[in-house]
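**Student:** this one's sequence-less:
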């Protein structure tokens, strides 16, 4: 199932712009204080570092990801999720000419 | 005053990606059904077309804009707004090397 909309949240109006705009996200906060972000990754190969563990939920498009210590690129498409441990690196790639990877990032 | 946060809204999780990612926004909906968007424009010179009239509110960074029929570029920085008529073109530019223009777009 694809999460098309998230209700009853606050949004931080200033975007987070990473890697010269190849990744852009907006932070959202739930009424209980939980923070997530909604974002998009354009065609590129990027390396991210986590603080807290993250669950990346794809809401449109697709990416391939590679966790630290793995040689395998794994596809994640709309409706799918993958988990990244805390304090870890991981790579995401979206091939040139493909649709951007749209995601919800769940922390913790 | 800068609008840093918007409370009690729904966010559409899939971003709007325009001009190869030079403009990225997320749609938000208020409880009364009002729609706005929060977005960012990276260094570029872009031409937009409005449907409904728009008010562009800057929340971080700055841009210069030029309305249809004008030769003048006008600066709009954090805390400032400008209005664009409906069914009109307007140009926005953010100079190379400058901070992105972060905005709230109010419709109608």
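**Tutor:** That came in fine, so what should we check first? As the structure is a computational prediction, the values presented were derived from the model and not from experiment.
**Student:** Would you mind naming what in chain A lies close to chain B?
**Tutor:** A:3-15, A:17, A:20-22, A:24, A:26, A:28-29, A:38-40, A:42, A:59-60, A:100, A:102, A:104 (Cβ under 8 Å from any Cβ of the partner chain). From N, CA and C alone the C-beta is placed, and that goes for glycine too.
**Student:** Try it again at 6 Å.
**Tutor:** Within chain A, the positions adjacent to chain B are A:3, A:5-7, A:10-15, A:17, A:21, A:24, A:26, A:28, A:38, A:40, A:42, A:59-60, A:100, A:102, A:104 by Cβ under 6 Å from any Cβ of the partner chain.
**Student:** I would like the residues contacting stretch A:29-40, please.
**Tutor:** For stretch A:29-40, the surrounding residues in contact (Cβ atoms under 6 Å, 6 or more residues apart in numbering or on different chains) are A:9-10, A:24-28, A:100, A:102-106, B:11, B:13, B:15, B:26.
**Student:** ok so, going back, among the residues of chain A next to chain B, name the buried ones.
**Tutor:** Neighbour-count burial (16 or more other Cβ atoms under 10 Å in any protein chain shown) is assigned, among the residues of chain A next to chain B, to A:6, A:10-15, A:17, A:21, A:24, A:26, A:28, A:38, A:40, A:42, A:59-60, A:100, A:102, A:104.
**Student:** Show me the strands in chain A, by range?
**Tutor:** Using DSSP state E, the strands of chain A run over residues A:5-12, A:16-18, A:23-30, A:35-41, A:44-49, A:54-60, A:62-67, A:74-77, A:81-84, A:89-94, A:101-107.
**Student:** May I see those strands organised as TSV, with mean pLDDT added?
**Tutor:** Listed next are these as TSV, based on pLDDT from 0 to 100:
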stretch	mean pLDDT
strand A:5-12	98
strand A:16-18	98
strand A:23-30	98
strand A:35-41	98
strand A:44-49	98
strand A:54-60	98
strand A:62-67	98
strand A:74-77	98
strand A:81-84	98
strand A:89-94	98
strand A:101-107	98
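**Student:** Could you pull up phi and psi at residue A:70?
**Tutor:** Torsion angles at residue A:70 (phi, psi; degrees, to the nearest 10) stand at phi -110, psi 150.
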